[in-house]
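*Asks:* This is the structure alone, sequence omitted:
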């Protein structure tokens, strides 16, 4: 089954990439933006039909590789 | 209001970054993965309380900057 994972910077962690995107959008005329934050998205197909097992594998992958838990949060959607 | 945007590679477009992640996960013992694809995620706060207006601004931003429509799809969630 397919698992979708979002990895985002924790609140309070500076996001220079998001700031750069926001400034660019601003320069393009989108001047009603309050904040832009960028994260990562993973679309993973696991050979496992049991949903809770697949999610637990995904969680394990996030903790071990996909997310840096010091500065990032992850969400399995 | 907050708008969440997912930008993913279109089906069929090669994703070397996803492949690299898959190989790494494989080497770490996660050997039941069929496919890994990476995308981008944007969390944007717009000074606009009307949901449909905010979504239309988000769509406009995707078309003009955030997504490369030749090889990427976007989804406002």
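*Replies:* Nice, I can see it. Given the structure is predicted, the values throughout are model-derived calculations rather than measurements. Numbers count the residues shown, from 1 in each chain, chains lettered A, B, ... in the order given.

*Asks:* Residue A:63: how many residues sit nearby?
*Replies:* Residue A:63 has 11 neighbours, counted by other CB atoms under 10 Å in any protein chain shown. Every residue, glycine included, has its C-beta placed from N, CA and C.

*Asks:* Touching, it and residue A:70? I think so.
*Replies:* No: here residue A:63 lies out of contact with residue A:70, judged by CB atoms under 8 Å, at a distance of 11.9 Å.

*Asks:* Please go through chain A and pick out the longest strand.
*Replies:* strand A:33-46 (DSSP state E).

*Asks:* The helix or strand that that strand is followed by to strand A:33-46, inter-axis angle?
*Replies:* Later in the chain than strand A:33-46, the nearest helix or strand by DSSP states H and E is helix A:51-61. On the basis of axes from the mean of the first three to the mean of the last three CA atoms, to 10 degrees, helix A:51-61 is oriented at 120 degrees to strand A:33-46.

*Asks:* Identify all contacting residues around helix A:51-61.
*Replies:* Applying CB atoms under 8 Å, 6 or more residues apart in numbering or on different chains, the contact partners of helix A:51-61 are A:1, A:3, A:5, A:44, A:46, A:48, A:74, A:76, B:25, B:30, B:32.

*Asks:* Which residues are in contact with residue A:16?
*Replies:* Contacts of residue A:16 (CB under 8 Å, 6+ apart): none.

*Asks:* Tell me how far residue A:3 lies from chain B.
*Replies:* Look at residue A:3 and chain B: by CB to the nearest CB, to the nearest Å, they are 10 Å apart.

*Asks:* what separates that residue from residue B:56, distance-wise?
*Replies:* Computed as CB to CB, to the nearest Å, the residue A:3 to residue B:56 distance reads 30 Å.

*Asks:* Of the two, which one has the most company?
*Replies:* When neighbours are counted by other CB under 10 Å, residue A:3 and residue B:56 differ, and residue A:3 comes out ahead with 21 against 13.

*Asks:* Need the phi and psi values for the residue lying farthest from the centre of chain A.
*Replies:* In terms of distance from the mean C-alpha position of chain A, residue A:29 ranks first, at 26.5 Å (CA atoms, centre = their mean). Main-chain torsions, residue A:29, degrees, to the nearest 10: phi 110, psi 0.
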